[in-house]
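Visitor: heads up, no residue letters with this:
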C-alpha cells in the first residue's frame, strides 16, 4: 500500500498537524501568527514540495517564466506535476479542473487566486478548463435554498468569467443544473460511490453519525469532473489526464479521487496546491466570505478598500514610530506585506519593500498605502470587466459544448 493510499484508509487524515494547525475543507486555523506550517502539511498529506528543479523544468518545457504564485511559493505543493509536464513535452493532451463553492453573491480576493492561476495555466498550455460550481454543496452545508444556491452560482460565474477565460476552451457548470442533464456525469458519481466505503469517507472527511447523508454522498460529486468521461461533449470517450489547481484544504477530495480513478480505468488527477489567502486580521485563518471585516470583496468601492485595510489589516510594525525605525517590521505576520506577495507582480519592487519594512525605513502606514493602491486598481479593473459580462455571455460559458479538444487530438 502506498503512503497516499494508507492515508485514504486511515482515520481523520486531513486536519490536525500535531495539535497546532487545523486544515479541512471547511475549517482552516493556526495557533501561529505566521499561519499554517506548510512543510508539516506536505508531510502530513504526503504531497511533494514545488522545488527549484520543478520550476526550472516548467520554464524549460513551456518557454515561460513561472507565474509569481509559483516563484514565491504561493502554489507550494503538487502531486504528479512532472507527469503533466511529460505529457506537454510529448504533445499529449490534458485538461484543467477547478471549482468554486458559491455561498455569497460577491466573491472576495481570496477566491480570485485559483482563477487567476488557472487563467495563466490555460494560456500557457492552451488546454480546456472545466469549472465546477458546487451550489449543491453549499445548499447542504449552509442550508441554503436550492433555488438561491443556483442564483449564487450564476452570480459567481460572472465574477469567474471576468477573469478573462477563453470561452472556446472553458466550460463552467452548476452542479444543481448540469448533473441532471448529463447522464454520464451521474453514472461516474455512482461508479465512484461504489469504490469508497462509509468508513473510508468518515476517515477522510471526519463525518459523524449525525451528519446528513447528503454530506456523506457529496465527495464523489467533486471527484467526478477529474474523470474525463464525465464530459462526453468535450472529450468523447478519451481517457484524459486532469490537472487540478486548488487550495490545499481541498486535497482530501482528490486523495480519494486518486485512489478511485485507476479502479475506473482513468489516470490519477495531478494537483497544484496553493497556500491560504490570509484574513485581514492575520494568517491564523483564511479570508472568509461570511465575515465582511476579514475580506476585501470584488464589489467593494475604493473607499471601502482603503478603510478596511487601514482599520483591519494586521500590522507587523512596532508600537511607536521610534521603535519601528529602530527595530523594523515583521513581514512574516504583516497582512499588507503578505497580500502584496499575492498581487504585486514586480519581484524587485516586492523585495525592496520587504527590505525597507524590515529595516524600519518605511512605516506600516506606507506599506498599507502601497497595498491599497494595488487593490483599488485590481478591483476596479475586475469590476469594469464584470460590467461587460451579459447573461448571454454567461450562457455561452455554461452551455455544454465541444471545446475543440477531440479535433485537436487528431
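Guide: Arrived safely, thanks for sending. As the structure is a computational prediction, the values presented were derived from the model and not from experiment. Numbers count the residues shown, from 1 in each chain.

Visitor: downstream neighbour of the lengthiest helix in the chain in the secondary structure list?
Guide: Secondary structure of the chain per DSSP state H: the longest helix is helix 364-387. Along the chain past helix 364-387, the next helix or strand (assigned with DSSP states H and E) turns out to be helix 391-398.

Visitor: hang on, the earlier thing: elements contacting the longest helix of the chain?
Guide: helix 109-125, helix 146-161, helix 302-312, helix 335-343, helix 347-359 (3 or more Cβ pairs under 8 Å, 6 or more residues apart in numbering; DSSP states H and E). All C-beta atoms are positioned from the backbone trio N, CA, C, and that covers glycine.

Visitor: so how far is residue 90 from the closest residue to residue 49 other than its chain neighbours?
Guide: Distance criterion Cβ to Cβ, 6 or more residues apart in numbering; nearest residue to residue 49, sequence neighbours excluded, is residue 42 at 5.6 Å. For residue 42, the distance to residue 90 equals 28 Å [Cβ to Cβ, to the nearest Å].

Visitor: quick one, which of those two is more surrounded?
Guide: Counted by other Cβ atoms under 10 Å, residue 42 and residue 90 do not tie: residue 42 has more neighbours, with 18 against 7.

Visitor: Give the full set of residues in contact with the more buried one.
Guide: Contacts for residue 42 were tallied using Cβ atoms under 8 Å, 6 or more residues apart in numbering; they are 48, 49, 76, 77.

Visitor: hang on, it in a helix?
Guide: Yes - counting by DSSP: H, G, I helix; E, B strand; the rest coil, residue 42 is found in a helix.

Visitor: pLDDT wise, what is it at?
Guide: pLDDT for residue 42: 92.

Visitor: how close does it sit to residue 36?
Guide: 11 Å.

Visitor: likewise residue 187?
Guide: Look at residue 187 and residue 36: by Cβ to Cβ, they are 37 Å apart.

Visitor: Who has more neighbours out of those two?
Guide: Shown here are residue 187 and residue 36; by other Cβ under 10 Å, residue 36 has more neighbours (25 against 13).

Visitor: Now for the most centrally placed residue in the chain: which residues touch it?
Guide: For the chain, residue 246 is the residue whose C-alpha lies nearest the centre (Cα atoms, centre = their mean; 3.3 Å). Neighbouring residues of residue 246 by Cβ under 8 Å, 6+ apart: 98, 99, 114, 254, 271, 272, 273, 274.

Visitor: next one: phi and psi at the nearest residue to residue 241 once chain neighbours are set aside?
Guide: Nearest non-adjacent residue to residue 241, counting by Cβ to Cβ, 6+ apart: residue 94, 4.1 Å away. Torsion angles at residue 94 (phi, psi; degrees, to the nearest 10) stand at phi -160, psi 170.

Visitor: Run through who's touching the helix or strand harbouring residue 99.
Guide: Element membership for residue 99, per DSSP H and E: strand 94-100. Defining contact as Cβ under 8 Å, 6+ apart, one finds that strand 94-100 is touched by 84, 87-88, 107, 111, 114-115, 118, 121-122, 125, 127-134, 156, 160, 222, 225-226, 228, 234-235, 240-246, 250, 269-270, 405.

Visitor: ok, the residue nearest to residue 241 to residue 77 distance?
Guide: Residue 94 is 19 Å from residue 77, where distance means Cβ to Cβ.

Visitor: who has more neighbours, those two?
Guide: residue 77 (22 against 19).

Visitor: Correct me if wrong, but that one is in a strand.
Guide: Yes - counting by three-state DSSP, residue 77 is found in a strand.

Visitor: Without its sequence neighbours, what residue ends up closest to it?
Guide: Nearest residue to residue 77, sequence neighbours excluded (Cβ to Cβ, 6+ apart): residue 273, at 3.9 Å.

Visitor: Show me where this structure dips below the pLDDT cut-off.
Guide: Residues of the chain meeting the criterion pLDDT under 70: 1-20, 26, 33-34, 283-292, 406-410.

Visitor: care to break it down by domain?
Guide: According to automatic domain parsing, the chain comprises the domains 3-279, 291-387.

Visitor: I'd like to know which of those domains lies nearest to residue 394.
Guide: Between residue 394 and those, the tightest spacing by Cβ to Cβ is seen for domain 3-279, at 5.5 Å.

Visitor: For PyMOL, write the selection for the buried entries among the contacts of residue 42.
Guide: Of those, the buried ones can be selected in PyMOL as follows, counting by 16 or more other Cβ atoms under 10 Å:
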select buried, resi 76+77
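
Visitor: tell me the two of the contacts of residue 42 that are most distant?
Guide: 48 and 76 (10.1 Å).
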